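1. got a sequence here, can you model it:
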Amino acid sequence: MSKKYLAKVAERSAVSSKKISSVFGEKMLKRMGWSEGEGLGKEKKGEVEPLQVRKRKENLGLGSAEAKSKWNHNWWEELFNDTAQKVKLSLPKKKIKLA
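-> So this is what the prediction gives:
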């Protein structure tokens, strides 16, 4: 994809929720026998609407959520709290007399 197209997509997705479609993609699908309103696939039960593009922050992979900051994440507190909740106290059944 060209930088110009990506800039256009980023501009549209940031401003509105207007659906974006690709004329090129639509032409390719029509040449393979697809018609508008049908689902994709052999039994035509697949996706009907085009997938929408969303700009990702740099260095994030597809489908990833925004990463937590390494410096603000106190993993040791979570580990301590989880372990403390799992500890079970048991008291002895007989009282021990100390002399």
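
2. helices along the protein, start to end?
-> 3-15, 23-31, 75-86 (DSSP state H).

3. turn these into CSV, including mean neighbour count, mean pLDDT and distance to residue 57.
-> Where you see a C-beta, it was placed from the backbone N, CA and C, and this is true even at glycine. Supplementary listing: the helices of the chain in CSV, determined by neighbours: other Cβ atoms under 10 Å; pLDDT from 0 to 100; distance: least, Cβ to Cβ, whole Å:
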stretch, mean neighbour count, mean pLDDT, distance to residue 57
helix 3-15, 12, 67, 11
helix 23-31, 10, 87, 25
helix 75-86, 9, 87, 23
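
4. figure out which of these is closest to residue 60.
-> With Cβ to Cβ as the measure, helix 3-15 is the member of the helices of the chain nearest residue 60 (14.2 Å).

5. using a markdown table, lay out the helices of the chain together with distance to residue 45.
-> Formatted as a markdown table, the entries for the helices of the chain read as follows, by distance: least, Cβ to Cβ, whole Å:
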| stretch | distance to residue 45 |
| --- | --- |
| helix 3-15 | 28 |
| helix 23-31 | 16 |
| helix 75-86 | 43 |
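
6. nearest to residue 61 among these would be which one?
-> Ranking those by proximity to residue 61 (Cβ to Cβ) places helix 3-15 first, at 16.8 Å.

7. ok, residue 82 to residue 76 distance?
-> According to Cβ to Cβ, to the nearest Å, residue 82 and residue 76 sit 11 Å apart.

8. likewise residue 3?
-> Residue 3 sits 43 Å away from residue 76, going by Cβ to Cβ.

9. ok, now residue 23?
-> Residue 23 is 54 Å from residue 76, where distance means Cβ to Cβ.

10. same question for residue 29.
-> 52 Å.

11. go on, residue 50?
-> The spacing between residue 50 and residue 76, counted by Cβ to Cβ, is 45 Å.

12. cool, and residue 57?
-> Here the distance between residue 57 and residue 76 works out to 27 Å (Cβ to Cβ).

13. lovely, talk soon.
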